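Any chance you can model this:
(one chain, ligands or ions: 2)
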Amino acid sequence: MPVPSRRVLVAVDGPSGSGKSSVSREVARRAGLSYLDTGAMYRAVCWAALRDGIDVEDAETLGALVRAVHVDISTDPDVERVVVDGVEVTTAIRGAAVTAGVSAVASHPAVRAELRSRQRTTMDAAPTGCIAEGRDITTVVAPDAHVRVLLTADPAARVDRRARQVEQSGGAAEAGSLAAGDVSTAVLDRDAADSRVTSFVTAADGVLELDSSHLDLEQTVQAVLDLVLAAQAEAAAPGDA
Ligand SMILES: Nc1ncnc2c1ncn2[C@@H]1O[C@H](COP(=O)(O)OP(=O)(O)OP(=O)(O)O)[C@@H](O)[C@H]1O
Ligand SMILES: Nc1ccn([C@H]2C[C@H](O)[C@@H](COP(=O)(O)O)O2)c(=O)n1
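Ligands and ions are numbered 1, 2, ... in the order given. Sure thing, here's the model as predicted:
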């Protein structure tokens, strides 16, 4: 694996089930980067709101909560761990209650402002660079990233992937409480809700769209990894890559 002499930032956005987390985590491993799952941060705040009995529509109280809550998220691609105010919530934030409330929590400007700031700080602190994934990383959090990718897949492929994930997890995955046919509604409804506050359907200027509908996971990882390795080579020896 190459050891980059300069830091490289990578931004990946896309709809639910497009493969952002799986692809970004694996690319981070292979390229020696930190990995930031920004959706997990929104989920962590939603978990804290439910813990405190806060209405997910209550913008003012959520604004105070997000500024006070301590969210510790692992950026080691080999360690999936989220801790909120000292409580490990790695599995709890994938549960049905958080999944049902997270789009509403993420819709509040005060929540977004605080988490975006923390996300950027985390990216900038990563020693070799960072790959961050979510819905607004290519456009708002890191529009200056060396590599910016909008990872898409058609709705049928995304619903099928999510259904398989639920099946393989034996019901432990986020949509585990849903009947198979309802996975489709869950995925597509969340996209519709999330689209109201973030733009992840069309690639912004300078953002490369990668349609993974007909690619397997390894092919998708390779496509993003090629871009990242090229950016690392360019950062190490500008003009030679
Ligand atoms: N190109 C691909 N081909 C087949 N399966 C894939 C591909 N990319 C991802 N998957 C699988 O699809 C499932 C969903 O992927 P993942 O959780 O990474 O999506 P996501 O975009 O991060 O979703 P969300 O935003 O809802 O968290 C996983 O089981 C993953 O292994
Ligand atoms: N940058 C981001 C990341 C996530 N969200 C919202 C949208 C999702 O419904 C929720 C959970 O994300 P997931 O775990 O499904 O990737 O968080 C956002 O608004 N902006």
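
and this protein, which of its residues are near ligand 2?
By CB under 6 Å from any ligand atom, the residues of the chain that approach ligand 2 are 16, 38-39, 42-43, 102-103, 106, 134-137, 190, 194, 198. Quick note: C-beta positions are derived from backbone N, CA and C, even for glycine.

can you pick the most crowded of these?
Within the residues of the chain next to ligand 2, neighbour counts (other CB atoms under 10 Å) peak at residue 137, which reaches 33 neighbours.

Report the contact partners of it.
Contacts for residue 137 (CB atoms under 8 Å, 6 or more residues apart in numbering) come out as 11, 12, 13, 38, 119, 145, 148.

number of nearby residues for the closest residue to residue 73 other than its chain neighbours?
Nearest residue to residue 73, sequence neighbours excluded (CB to CB, 6 or more residues apart in numbering): residue 82, at 5.1 Å. Using other CB under 10 Å, residue 82 has 22 other residues around it.

and the longest helix for this structure?
helix 217-236 (DSSP state H).

Quick one: residues in contact with that helix.
Applying CB under 8 Å, 6+ apart, the contact partners of helix 217-236 are 2, 4-8, 10, 12, 19, 22-24, 26-27, 30-31, 33, 129, 131, 146-147, 149, 151, 208, 210, 212, 215, 240-241.

same thing with stretch 53-69?
So stretch 53-69 is contacted by 44-46, 48-49, 52, 84-85, 101, 104-105, 108-111, 114-115 (CB under 8 Å, 6+ apart).

can you check stretch 122-134 too?
3-4, 7-14, 20-21, 24, 27-28, 31-39, 73, 75, 119, 141-142, 228, 232.

For that stretch, output the C-alpha coordinates as CSV.
Extracted C-alpha coordinates of stretch 122-134, given in CSV (Å, rounded to 0.1, in the frame of the first residue of the first chain):
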residue,chain,number,x,y,z
THR,A,122,-12.5,15.5,11.9
MET,A,123,-11.5,15.3,8.3
ASP,A,124,-8.9,18.0,8.7
ALA,A,125,-7.3,16.2,11.7
ALA,A,126,-6.8,12.9,9.9
PRO,A,127,-3.1,12.3,9.6
THR,A,128,-3.0,10.7,6.1
GLY,A,129,-6.4,12.1,5.0
CYS,A,130,-10.0,11.0,5.2
ILE,A,131,-12.8,9.6,3.2
ALA,A,132,-16.1,10.9,4.5
GLU,A,133,-19.5,9.8,3.2
GLY,A,134,-23.0,11.1,3.5
